[in-house]
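In: next comes the sequence, and after it the predicted model I'd like to discuss.
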Amino acid sequence: MAVKRLLTEFGMGSSLRRRDYTQATVRAIKDALWHNSINLAELFGKDKAEMLIDVQVGVQDPSAVDRAAVAEIFPYGQVTVAVVQGGLDVPRSEGHPTVMANVAISVSLDLGVPS
């Protein structure tokens, strides 16, 4: 198998008041993806289901992110979600802090050629 990473997109999302790390992550993914149309699979004569999608998430509380809910955002492809310490919690004078999540989304395909 000769998997080649073909693109990486970056995004940032927030949860202003609810301290919802999953929602901040979902918003970061939408920030990265919803501004473009990725037609990589078709360009290489592949089915969209063959895309390997690696999602890296950085938030202050990695255990609070629902990885399955994050993976469901993608309508096709084989999605892997990794969550690490990162992002930012911004203190507020009242209530929970504002949560900021950062994501990097890499899309790869098996092109069947040697590395």
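Out: Arrived safely.

In: kindly export stretch 29-42 (C-alpha atoms) in CSV.
Out: Only the C-alpha atoms of stretch 29-42 are listed here, as CSV (Å, rounded to 0.1, in the frame of the first residue of the first chain):
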residue,chain,number,x,y,z
ILE,A,29,-13.8,21.1,11.5
LYS,A,30,-16.5,23.0,9.7
ASP,A,31,-14.2,26.1,9.6
ALA,A,32,-11.6,24.0,7.9
LEU,A,33,-13.8,22.2,5.4
TRP,A,34,-16.9,24.3,4.6
HIS,A,35,-15.1,26.9,2.6
ASN,A,36,-13.8,24.6,-0.1
SER,A,37,-14.8,21.7,-2.2
ILE,A,38,-12.3,18.8,-2.1
ASN,A,39,-12.5,16.6,-5.1
LEU,A,40,-9.3,14.6,-4.6
ALA,A,41,-10.7,11.2,-4.9
GLU,A,42,-12.2,11.9,-8.3
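
In: list the buried residues for it?
Out: By neighbour count on 16 or more other C-beta atoms under 10 Å, the buried set for stretch 29-42 is 29, 31-33, 38, 40-41. Backbone N, C-alpha and C define where each C-beta goes, glycine included.

In: return the member of these nearest to residue 64.
Out: residue 29 (16.0 Å; C-beta to C-beta).

In: and the helix or strand hosting residue 68, what's buried?
Out: Element membership for residue 68, per DSSP states H and E: helix 67-71. Neighbour-count burial for helix 67-71, counted by 16+ other C-beta under 10 Å, picks out 67, 70-71.

In: how about stretch 102-115?
Out: 102-105, 107-109.

In: that older thread, and the least confident of the buried residues of stretch 29-42?
Out: Across the set of these, residue 38 stands lowest in pLDDT, at 72.

In: give me the contact list for stretch 87-98.
Out: 14-19, 24, 57-61, 99-102 (C-beta atoms under 8 Å, 6 or more residues apart in numbering).

In: give me the distance between the two termini of that stretch.
Out: 11 Å (C-alpha to C-alpha, to the nearest Å).
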